[in-house]
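Undergrad: got a predicted structure here, sequence first:
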Amino acid sequence: QVILQESGGGSVQAGDSLRLSCLSSGRTHSAYALGWFRQAPGKEREFVASINWDGDTIYYADSVRGRFTISRDNAWSSVYLQMDNVKPEDTAVYYCALDTSNLAEARAWWDYWGRGTQVTVSS
């Protein structure tokens with residue numbers, strides 16, 4: 001069983017920065033991708049960013065490319081999402097997810113999910 005725990009959410013002003021963290025624990029596979037998704041009120045969950053085990057394959061949603069940066073530290077079993085120049089439309093619950101196939105693709109089957117952390121951006 002794998003457990004993902006997000007942290008770092010909060011309320012910020014437009015233009016501010018925020019850093020989300022996700023710690024994975026439990027019986028993780030030898031190599032796996034980690035990703036971030038988000039769900040705004042009344043909307044479907046959407047892909048934000050992902051990174052494979054080696055960190056040489058990274059994907060971003062068009063809406064966050066150039067503003068958000070995903071990174072990981074395998075020694076700490078963690079993935080991070082640096083959010084810069086946030087906008088009100090970034091308001092959502094942000095979820096961390098793990099892909100045991102290590103594909104890191106938005107449409108991959110993401111096997112495990114965290115419970116989410118709320119990010120609220122006011123104008």
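TA: Structure's in. What do you need?

Undergrad: okay, CA-based contacts and neighbour counts for the rest of this
TA: OK.

Undergrad: who does the spatially most central residue of the chain bridge with?
TA: Compute the mean C-alpha point of the chain, and by CA atoms, centre = their mean the closest residue is Trp36, 2.1 Å away. For Trp36, the beta-bridge partners under DSSP bridges are Ala49, Cys96.

Undergrad: these two touch, right, it and Ala92?
TA: No - counting by CA atoms under 8 Å, no contact exists between Trp36 and Ala92, whose distance comes to 11.7 Å.

Undergrad: how close does the nearest residue to Ser78 once chain neighbours are set aside sit to Gly42?
TA: In this structure, Ser78 finds its nearest non-sequential neighbour in Leu23, 4.6 Å apart by CA to CA, 6 or more residues apart in numbering. Using CA to CA, to the nearest Å, Leu23 is found at 27 Å from Gly42.

Undergrad: so between these two, which is more surrounded?
TA: The neighbour count for Leu23 versus Gly42, taken as other CA atoms under 10 Å, is higher for Leu23 (18 against 6).

Undergrad: and the more buried one, which of the three is it?
TA: strand (DSSP: H, G, I helix; E, B strand; the rest coil).

Undergrad: surely it is in contact with Leu34?
TA: No - between Leu23 and Leu34 there is no contact under CA under 8 Å: 10.4 Å.

Undergrad: joint contacts of the two?
TA: Val79 (CA atoms under 8 Å, 6 or more residues apart in numbering).

Undergrad: picking up where we left off before, spit out the contact partners of the residue nearest to Ser78.
TA: 4-6, 76-79.

Undergrad: how many neighbouring residues does Met92 have?
TA: Careful, residue 92 is Ala; it's not Met. 21.

Undergrad: quick check: closest non-adjacent residue to it.
TA: The shortest distance from Ala92 to any non-neighbouring residue, by CA to CA, 6+ apart, is to Ala40 (4.2 Å).

Undergrad: so who does that neighbour touch?
TA: 91-93.

Undergrad: surely Leu18 meets Asp90?
TA: No - taking CA under 8 Å as the definition, Leu18 is not a contact partner of Asp90, at 11.2 Å.
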